[in-house]
Each structure stands twice: as C-alpha cells, then as structure tokens.
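Chemist: I need the structure of the sequence given here:
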Amino acid sequence: CSDGVDEIVNALKVNITDNGLEDCIQVQHLDWNDYTTTTDSIDDGKESAVTSSSSATTKKVDTILFADCIYNDECAIALRQTISHLLKPGGNVIGVLPDFRVGLQLFEKKMRENHFMPTHIPIIDMEEGQQDGAFACSGGGGKEYRLVLWRDAR
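Modeler: Have a look, this model is predicted:
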C-alpha cells in the first residue's frame, strides 16, 4: 500500500506491524507526479510495485485499489497516469469515489479514453438489508460515494 504523505505512510506501517501483516503487505511513499522513485529503499527482498531509484524495471500489478484519492484535476490526471504505469495489461482498478470532489469527471473521462471499462457497484441500503453484488461504506453511510470497478480493455 502507499500514500503520498509521509505521516500517513508511517501510520500505515504502524497499523501493519500492530496487525502482524509485515510478511504480506509492504508500505511505500508514492508520488504520483514522480512514480519512478520512492522515499523508501527496498532491501527486504520483497518485490515492489514501483520503480525505486536503484531498480531498472517496474513490477506491474494485477489490481489497484484506491479510496477517496481525487481532489482536483491535477490529481485526476496524475492518478490515471500512475495507474497506467503500474497496472498489468488486462488488470483491474477498484476505486471508491466521493461524488462531491473536483476532478472526478475528468478522471472517469480519462479512464474511458484509455480503454478502462467501468462497472458501478451499488451501495447496500442498510435499512433494506443486503443486496447481491453491493457494498457497504462505513463512516458517513456512503450516500455520496460510489464504488467503481474498471477493467483494462486494451
């Protein structure tokens, strides 16, 4: 997992250690505008999903999962470019999108232009009970959020 804010990266590392997940989850600082380097050196033998300054190639991933990451048009473009850089051909992107953010329309347009086909997954109405193929969003109830799965159709 990654974030572009060092304080969040440090908190993620603490949470992973506290939950005993160090063997299966790696945390790195990832700058969408410079995803060819990271602030963390990778010397633990684990494969990285980004190119470190000492690495010649980028390991591509099957799936990218993100939530609440777009705040403006610049973020939208940078996230879409990073997805294309890190995702294997035919891969999947799963995103939780808050409908009230600037940049979402541009992000979704750029995803479609780059042959990512979206599927919108409905939110569970907690008063009506569970629905097949739906998801629940904790916190504010999810009424202003969407879950979208994009499949790379290149």
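Chemist: how much space is there between the residue nearest the centre of the chain and Leu30?
Modeler: The centroid of the chain falls nearest to Phe66 when counting by Cα atoms, centre = their mean (2.6 Å). Going from Phe66 to Leu30 by Cβ to Cβ, to the nearest Å gives 11 Å. Heads up, the C-betas are built off the backbone N, CA and C, glycines and all.
Chemist: ok, back up a step: run through who's touching the helix or strand the residue nearest to the centre of the chain falls within.
Modeler: Taking DSSP states H and E as the criterion, Phe66 maps to strand 61-67. Under the contact criterion Cβ atoms under 8 Å, 6 or more residues apart in numbering, strand 61-67 has outside partners 49, 79, 83, 86-88, 91-96.
Chemist: Just flag the most distant two among the residues you listed.
Modeler: Lys88 and Val96 (21.6 Å; Cβ to Cβ).
Chemist: Now for the chain: which strand has the highest residue count?
Modeler: strand 87-98 (DSSP state E).
Chemist: For that one, what is the distance to the chain centroid?
Modeler: Put simply, strand 87-98 sits 7 Å off its chain's centre (Cα atoms, centre = their mean, to the nearest Å).
Chemist: again with stretch 104-124
Modeler: 13 Å.
Chemist: Please work out the average pLDDT along that stretch.
Modeler: For stretch 104-124, mean pLDDT is 91.
Chemist: list the buried ones in it?
Modeler: Buried residues in stretch 104-124, counting neighbours by 16 or more other Cβ atoms under 10 Å, are found at 104, 106-108, 110-111, 116, 123.
Chemist: Walking through this structure, point out its strands one by one.
Modeler: Assigned by DSSP E, the chain shows strands spanning 2-3, 28-29, 61-67, 87-98, 116-121, 145-152.
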